[in-house]
Structures are given as structure tokens and as C-alpha cells.
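K.L.:
I'll drop the sequence and a predicted model, then ask my questions.
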Amino acid sequence: MTEDSPTGSATTRTYGDFHRLFEPDSPWVQAAFPLPDGSVWEYKEPNAMVLVRNGWLQVAATPYTRSNDHVQILDNAKHMYFTRDRIEVPAGGKITFEIQIAARTVGTTPGNLYDGYVSWNLLDLTTGWAIDFFTGGDTIATVYGRLPFPGAAVPETGGARAFCFFHELPDVATTPGQVHSYRITYDQAADTVEFEADGAIVDRYENVPDKITGFTAALGLMSEIDIVNGKSVSCHGQGVVGQWSPMRVTTEPASA
């Protein structure tokens, strides 16, 4: 992680250094959740090919093999990295995340984003908030939700305690391997979340019912297919290749 010189009252940090991914000083770690039985569920495809080149991270999981028959959240992500440290939101201030992403899919169902995609997730693992971009071979979606992550204390605020809104973006065209620039801004004082893709605002949510105090960012290869009759059906020979640039995070303190 590198810290850029502050501009005015804003501070920008870059989370990259992917060449240090397997070292103890890496800003990224393999994503995992501790389970009630004392075990740990890792989001890690055993045969994933991990490549770092020109400062970007590329991960290929072809085919997907990881699944969970009992917990949907554990079944969804196949391979994922979390930021090592929680990224704090300044009290009453604003935080903006920026990244570039490309996705290629292998053997996924055309037109079905959720069969396999590249994810960029901003997660509050303490309360369950998930604010994401999903990128597939032919579809892009935003995600705004609050989910029962293992260990999260989901607040009883808003219209539903647990919810997830997937918003496919038909006006944002994509092709396999196309690079997209994404930006997500959370304004704690205004209770808003704003999504930008390739320089245009594509989604916005107001009246966020909680004051989110921090995020764990995630880079993942995922699917989103419901478990059926106690059996995962999310792996059928398909796979995904994802590419991520370093992520920039800009924090702005509360206005005086």
C-alpha cells in the first residue's frame, strides 16, 4: 500500500503491490471466514493461476471447483482476496474507491452474468454491507445490499434486515477482456452511495440506513447461483479470468 501526498483536505492511498501477494507485508490476503465449528472457509481455487504483470493482478480459475452445499455466501465466491486492513470511513466524511477491471469467461451461459463473473466488493464485515461491481463477459451489474456474513451483526434498520439489490446495466456495453473504470463513493453525512462506470454515473442509492464506518475491499471470481435442495449447482465446468488494477482510495473529512 502506498500513500500519496494529500490534496487539500483529501488523502489518497493506493492498494496494489500485487507482486507481494504471498508475502507478510502484502496489503491483500486470501479471503476467508471463520465458521462456528472452529474451521475456516477459504475462498481459494486450488488450481487457480495467479499472474502479476505491469502492476495488475490476473487470476484464472478455469474451471470453477469450489462449492458449499449449505451456506450460500460461502458457495458464491470461488477465489477472492481481501484487503488486510479495514479501510476506515472518516466520521461525517466521504470515501471514494477507484479501480479498473477486465473479465473473460469460459463456458458460462451467455447472457447469465451470475454463472461466472469478476467481482469488486466493498464489504463491511461487521454489519454485512456489500457495495459492489460485477463484471461478466457480456453484462455488468452494481450491487447494493446488507447480508448475513459469518460473524456479522446485521442491524435491524431500513426496509429489510437482509437484502441485496442486483442492478444489471444494459446501457454499459462490455465484451470479453474489455477494461472498465469503476468508481464507488460513499458519503456518510449524506447517507448516499454512488456508482460510476467509465466516467458516467450509472447508479445511486440514497437514505442508506446505517452509518457505515469502514470497508474491507475484495477482488474475486464468483458465481451467484442458488443452492438447490441442499446441493450446490454453481460449478458445471465454467470458469473466469479476472484482471484488476491497483485500487485507489480517497478519503475526505467532514466539512467544517
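P.N.:
Received, thanks. Residues are numbered from 1 along each chain as shown.

K.L.:
give the contact list for the residue most central in space within the chain.
P.N.:
In the chain, the centroid-proximal residue (CA atoms, centre = their mean) is residue 121; its distance is 1.4 Å. By CB atoms under 8 Å, 6 or more residues apart in numbering, the contact set of residue 121 is 130-132, 143, 217-220. (Each C-beta comes from the backbone N, C-alpha and C, glycine too.)

K.L.:
what about 6 Å?
P.N.:
132, 218 (CB atoms under 6 Å, 6 or more residues apart in numbering).

K.L.:
can you tell me how far it sits from residue 53?
P.N.:
From residue 121 across to residue 53, the span is 23 Å (CB to CB, to the nearest Å).

K.L.:
Over to residue 234?
P.N.:
Residue 234 is 29 Å from residue 53, by CB to CB.

K.L.:
ok, and for stretch 101-109, which residues are buried?
P.N.:
Buried residues in stretch 101-109, counting neighbours by 16 or more other CB atoms under 10 Å, are found at 101-106, 108.

K.L.:
Touching that stretch from outside, list them.
P.N.:
Under CB under 6 Å, 6+ apart, the answer for stretch 101-109 is 62, 115-116, 118, 120, 135-137, 176-177, 179-180, 237-244.

K.L.:
neighbour count winner among residue 234 and residue 53?
P.N.:
When residue 234 and residue 53 are compared for neighbours, residue 234 comes out ahead with 23 against 10, by other CB atoms under 10 Å.

K.L.:
pretty sure the more buried one is in a strand, no?
P.N.:
No - per DSSP: H, G, I helix; E, B strand; the rest coil, residue 234 lies outside any strand segment and is coil.

K.L.:
partners of the longest strand seen in the chain in the sheet?
P.N.:
Longest strand in the chain, counting residues (DSSP state E): strand 94-106. Using DSSP bridges, the strands paired with strand 94-106 are strand 180-187 (antiparallel), strand 239-244 (antiparallel), strand 247-252 (antiparallel).

K.L.:
in the protein, which segments are predicted with low confidence?
P.N.:
For the chain, the stretches with pLDDT under 70 are 1-8.

K.L.:
change it to 90
P.N.:
Residue ranges of the chain with pLDDT under 90: 1-9, 255-256.

K.L.:
In it, mark out all the helices, start to finish.
P.N.:
In the chain, the helices defined using DSSP state H lie at 72-76.

K.L.:
give me the beta-bridge partners of residue 33?
P.N.:
Per DSSP bridges, the residues bridged to residue 33 are residue 41.

K.L.:
Next, work out how far apart it and residue 201 are.
P.N.:
33 Å.
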